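K.L.:
got a structure for you, letters missing:
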């Protein structure tokens, strides 16, 4: 029996997308009303994303100041602002399971999006920008990437994107590299002889992720150099598809299942051969660690894959605890302002990035535990960009107050978003890049 005061650790139930009830619009409406009424009576989440202020404003604009007088059609306004950061579930809500009220706000919003997607109500733009493999493979064709990157900076082209696809003209779009991480790594084979330490095998299969392959291949190169400098063998997983998180956030659960069907044999093969798994982006790590297991709770292969999946700095800390981390640093890093990515926080691993970076002599890290508001796609949408910049503002203020030598985030996109918010032409430096700099390699 749960302890009084909701003091038990949060637990998540399977998503339940295979149950007919999940897709019943009437039952969804009832559950939205139930949960929204609980949220109205609590309001602890008022300062997170825009979903909650939107909900509370809808209620406060009624004569009765009660949810019962809100037009249920307006519920979609609330749903549209949820981008599955999970911070309400993780840090604010006192009613998450095992509490008897069983509130899982992010997964309820996901269910609403899934029903809307199934009904064919999603925008072409949203289907396009979440098709990261298709866009990335085309944009990184040699000779095409420079054209795409140049067009993304041209005011006229951005105005057309806004008019045609509703891509906000001031949102910063990702850079594409013809020399993707897959092409940079090529057929290289590591000569590191792996040694197990604690729960780690010392050999890592790297899931590059769409962003890590097409848009930020240098981060993958930094990981390989840092890991090999620490005696960890790294091998890139070939022919992988998107982890599925962009489609997941859209509510396109069929596409998520298809992507998992493609990726699982690749990942399972590595796990069966004794490899640990790493991704370059916290959202991808979370997708494999949490969301896929909640979608497929009875699939032992998915469960085994989730157990073998690690955040890069979590992995380094596990090795460090066994005395297997190289502590011969050549350069202090000074003061670092570190935005803690939401999807990293949700993994419940603690501030491993900060702990590792502070092993470098002459280095201190200021942690900023606020959402950046980027979400990969949310900030580029014309109707959402202003809200994304509003969510970002406290992070930018904290970075300015820190007056640090570097600012960073494990989420590359969040780091870039902070740079845009600062507006001073500065660039973030990824934690893996900082660690490589500290080693002087």
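P.N.:
Thanks, I have the structure now. Everything quoted here is computed from the prediction, not taken from an experiment.
K.L.:
all strands for the stretch 101-250 of the chain, in order.
P.N.:
203-207, 233-236 (DSSP state E, counting those that start in this stretch).
K.L.:
Tell me the strands beside the shortest one, with direction?
P.N.:
Strand pairing for strand 233-236, determined by DSSP bridges: strand 203-207 (parallel).
K.L.:
Give the next helix or strand downstream of the strand it pairs with.
P.N.:
The element immediately downstream of strand 203-207 (helix or strand, assigned by DSSP states H and E) is helix 210.
K.L.:
where does the chain have its least confident helix or strand?
P.N.:
One helix or strand of the chain scores below all others by mean pLDDT, DSSP states H and E: helix 87, with a mean of 88.
K.L.:
Contacts for that one next, please.
P.N.:
If you take CB atoms under 8 Å, 6 or more residues apart in numbering as the criterion, helix 87 is touched by 48, 49, 342, 345, 346, 371. All C-beta atoms are positioned from the backbone trio N, CA, C, and that covers glycine.
K.L.:
Restricted to helices, list the residues you listed.
P.N.:
Taking DSSP state H as the definition of helices, the contacts of helix 87 contribute 342, 345.
K.L.:
Put the buried members of the contacts of helix 87 into a ChimeraX selection.
P.N.:
A single ChimeraX command is used to select the members of the contacts of helix 87 judged buried by 16 or more other CB atoms under 10 Å:
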select :48,49,342,345,346,371
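K.L.:
got CSV for the contacts of helix 87, with distance to residue 229 too?
P.N.:
Formatted as CSV, the contacts of helix 87 follow (distance: CB to CB, whole Å):
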residue, distance to residue 229
48, 38
49, 39
342, 29
345, 27
346, 29
371, 32
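K.L.:
Please identify which of the contacts of helix 87 is nearest to residue 264.
P.N.:
Residue 264 has its nearest neighbour among these in residue 346, at 21.8 Å by CB to CB.
K.L.:
quick one: contacts for the closest one?
P.N.:
By CB under 8 Å, 6+ apart, the contact list for residue 346 reads 86, 87, 89, 90, 286, 290.
K.L.:
Kindly report the same for residue 379.
P.N.:
Counting by CB under 8 Å, 6+ apart, residue 379 has contacts 168, 171, 373, 385, 388, 389, 417.
K.L.:
What is the burial count for residue 19?
P.N.:
As a burial measure, residue 19 scores 10 neighbours (other CB atoms under 10 Å).
K.L.:
And it, what's its pLDDT?
P.N.:
With respect to pLDDT, residue 19 scores 95.
K.L.:
tell me the centre residue of the protein?
P.N.:
Nearest residue to the geometric centre of the chain (CA atoms, centre = their mean): residue 283, 2.6 Å.
K.L.:
Serialize the contacts of residue 346 to JSON lines and add fields for distance to residue 27 and neighbour count.
P.N.:
Listed next are the contacts of residue 346 as JSON lines, based on distance: CB to CB, whole Å; neighbours: other CB atoms under 10 Å:
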{"residue": "86", "distance to residue 27": "23", "neighbour count": "23"}
{"residue": "87", "distance to residue 27": "26", "neighbour count": "20"}
{"residue": "89", "distance to residue 27": "21", "neighbour count": "21"}
{"residue": "90", "distance to residue 27": "26", "neighbour count": "16"}
{"residue": "286", "distance to residue 27": "27", "neighbour count": "25"}
{"residue": "290", "distance to residue 27": "24", "neighbour count": "18"}
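K.L.:
Pick out whichever of those residues sits closest to residue 57.
P.N.:
residue 87 (19.7 Å).
K.L.:
how far away is the residue lying farthest from the centre of the chain from residue 70?
P.N.:
Most distant residue from the mean C-alpha position of the chain: residue 63, 39.2 Å away (CA atoms, centre = their mean). The gap separating residue 63 from residue 70 is 11 Å, by CB to CB, to the nearest Å.
K.L.:
could you pull out the strands for the stretch 301-441 of the chain?
P.N.:
Under DSSP E, counting those that start in this stretch, the stretch 301-441 of the chain gives strands at 309-310, 334-339, 363-368, 406-409.
K.L.:
Using a markdown table, lay out the ones you listed together with distance to residue 128.
P.N.:
Formatted as a markdown table, those follow (distance: least, CB to CB, whole Å):
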| stretch | distance to residue 128 |
| --- | --- |
| strand 309-310 | 28 |
| strand 334-339 | 28 |
| strand 363-368 | 32 |
| strand 406-409 | 26 |
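K.L.:
Look at the spatially closest residue to residue 355 that is not a sequence neighbour and say how many residues are nearby.
P.N.:
Nearest residue to residue 355, sequence neighbours excluded (CB to CB, 6 or more residues apart in numbering): residue 317, at 5.9 Å. Residue 317 has 20 neighbours, counted by other CB under 10 Å.
K.L.:
Same check on residue 66?
P.N.:
Neighbour tally, residue 66, other CB under 10 Å: 11.
K.L.:
Am I right that it is in contact with residue 59?
P.N.:
Yes: applying CB atoms under 8 Å, one finds residue 66 in contact with residue 59, separated by 6.8 Å.
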